[in-house]
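# Make a model of this:
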Amino acid sequence: MQISELQPSLVKQFAAIIDRHQLGQAYVFSGVAGTGKAQLAEWIALRLFCQNVQNDQPCMQCPECQRILSHNHPDVVVLATEARSLKVDDVRGLKAELTKSGVEGQQRVFVIQQAEKMTPGAANSLLKFYEEPVAGATIILTTTAKNQLLPTILSRAQIINFPDPPVASIQAQLETAGVDKKSAALAVKLTADVAQAQAMVADGEFQSRVQAVLNLAAQLANRDASAFVSVQASLLPTAKALPEQNQVLALLALVYEDAMNRHFEVDSQPAFVGEAVVKQLSWLSSKVLTKSLQAILAAQVRLRQNVTFQSATEALILQLLAAES
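Purely as a prediction, here's the structure:
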């Protein structure tokens, strides 16, 4: 889906800002996966440099647009990684670029995707830009967890919160495309991107991860100590890469969120439709459910801090078993 369709209000807002030559020097784009944060950052660069803007939209055809789209524009720098974290060395090149003037004009755009991955050292190394902004330079951080960014960065940037697309609309699109209702209900809780959701539910490994998480949740609901062993026996084989490991913890969080909603009789579309383990966990006290969710969220943070998936998850299982005892 084009960003002008996914986030029309934000596109209109930034088109007007650019037309008035009022683009800020620092932004944080915050929102769940699939809401178009990186797409909007790229659109801003395209709109700034396009030589043939039409109806407030970049043409996508001129040399400037083509260089941005192929990641070859000297005044548009994007930092992205599939690694667990962004370290000082990763941002060193970007820092050097921040001190330079534009190669072909006055304006420069710098984007750091998944900025929550920055280590404290990497984030601190960027503070000089926020304290002493460079004329003509705009830095955009995209994140799904803005609370994990340095308060100093947040206080000096304009926070743009990306609204979630209507869940019902995304689920309807998935079901129209042939995704069964149960899988669609889960997918929309993990991403707001229809294409990404379709690919997810079609992936056999994803289905294996879902089943492994449900099996683990059942062991936890039964206070079965063998849940600890399941981390290595069942979870690790389905989650070898960091994105998959993050997804496992996100799935476990959704199980407990569903249980919490059921416990308090909240009228909310569950991620796991008709799963008995959700009903069983919902019988736990609100205090236990709250502590369990907090423990899962803390494990997600530890995973981003270079703690191994096995260590983070095994520690989590012990916390969840202790919370339920």
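
# Quick one: mean pLDDT over the one helix or strand Ile17 maps to.
Secondary-structure assignment from DSSP states H and E places Ile17 in helix 8-19. The average pLDDT for helix 8-19 rounds to 96.

# So for that helix, what gets flagged as buried?
Neighbour-count burial for helix 8-19 flags Leu10, Val11, Phe14, Ala15, Ile18 (criterion: 16 or more other C-beta atoms under 10 Å). No exception for glycine: its C-beta is placed from N, CA and C like everyone else's.

# Run through the neighbouring helices and strands of that helix.
helix 37-49 (3 or more C-beta pairs under 8 Å, 6 or more residues apart in numbering; DSSP states H and E).

# Quick one: work out the angle between the helix it packs on and helix 8-19.
With axes from the mean of the first three to the mean of the last three C-alpha atoms, to 10 degrees applied, the angle from helix 37-49 to helix 8-19 works out at 30 degrees.

# Mind giving me the packing neighbours of whichever helix or strand comes after helix 37-49?
Heading C-terminal from helix 37-49, the first helix or strand you meet, by DSSP H and E, is helix 63-69. Helix 63-69 makes packing contacts with helix 37-49 when contacts are defined by 3+ C-beta pairs under 8 Å, 6+ apart.

# contact partners of the helix it packs on?
The list of residues contacting helix 37-49 from outside it, by C-beta atoms under 8 Å, 6 or more residues apart in numbering, reads 3-4, 6-7, 10-11, 14-15, 18, 23, 29-31, 53, 56-58, 60, 64-65, 68-69, 73, 75-76, 78, 80, 105, 107, 109, 111, 113, 138, 140, 142-143, 162.

# Are any of those residues buried, and if so which?
Among the contacts of helix 37-49, the ones that count as buried by 16+ other C-beta under 10 Å are 3-4, 6-7, 10-11, 14-15, 18, 23, 29-31, 53, 58, 64-65, 68, 73, 75-76, 78, 107, 109, 111, 113, 138, 140, 142-143, 162.

# and Gln305, what pLDDT?
Predicted confidence (pLDDT) at Gln305: the value is 81.

# What's the separation between the nearest residue to it once chain neighbours are set aside and Ala298?
The shortest distance from Gln305 to any residue other than its chain neighbours is 7.5 Å, reached at Ser85 (C-beta to C-beta, 6 or more residues apart in numbering). Computed as C-beta to C-beta, to the nearest Å, the Ser85 to Ala298 distance reads 17 Å.

# what do you get for Ala122?
Using C-beta to C-beta, Ala122 is found at 21 Å from Ala298.

# Show me which of the two is the more surrounded one.
When Ala122 and Ala298 are compared on other C-beta atoms under 10 Å, the one with more neighbours turns out to be Ala122, at 22 against 14.

# surely the more buried one meets Arg92?
No: contact criterion C-beta atoms under 8 Å: Ala122 and Arg92 do not qualify, at 9.0 Å.

# which residues sit in contact with Glu257?
Contacts for Glu257 were tallied using C-beta under 8 Å, 6+ apart; they are Ala271, Leu293.

# quick check: mean pLDDT across the top helix by length along the chain?
Identified as the longest helix of the chain according to DSSP state H is helix 242-263. Averaging pLDDT along helix 242-263 yields 96.

# Report the buried residues of it.
For helix 242-263, burial by neighbour count (16+ other C-beta under 10 Å) applies to 242, 244-263.

# What are the boundaries of the helices in the stretch 101-250 of the chain?
In order along the chain, the stretch 101-250 of the chain carries the following helices (DSSP state H, counting those that start in this stretch): 120-125, 127-131, 151-156, 167-176, 181-190, 194-202, 204-221, 227-230, 242-263.

# Include distance to Leu320 when you put the ones you listed into JSON lines, please.
Putting these into JSON lines (distance: least, C-beta to C-beta, whole Å) gives the following:
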{"stretch": "helix 120-125", "distance to Leu320": "28"}
{"stretch": "helix 127-131", "distance to Leu320": "37"}
{"stretch": "helix 151-156", "distance to Leu320": "30"}
{"stretch": "helix 167-176", "distance to Leu320": "27"}
{"stretch": "helix 181-190", "distance to Leu320": "20"}
{"stretch": "helix 194-202", "distance to Leu320": "25"}
{"stretch": "helix 204-221", "distance to Leu320": "5"}
{"stretch": "helix 227-230", "distance to Leu320": "8"}
{"stretch": "helix 242-263", "distance to Leu320": "9"}
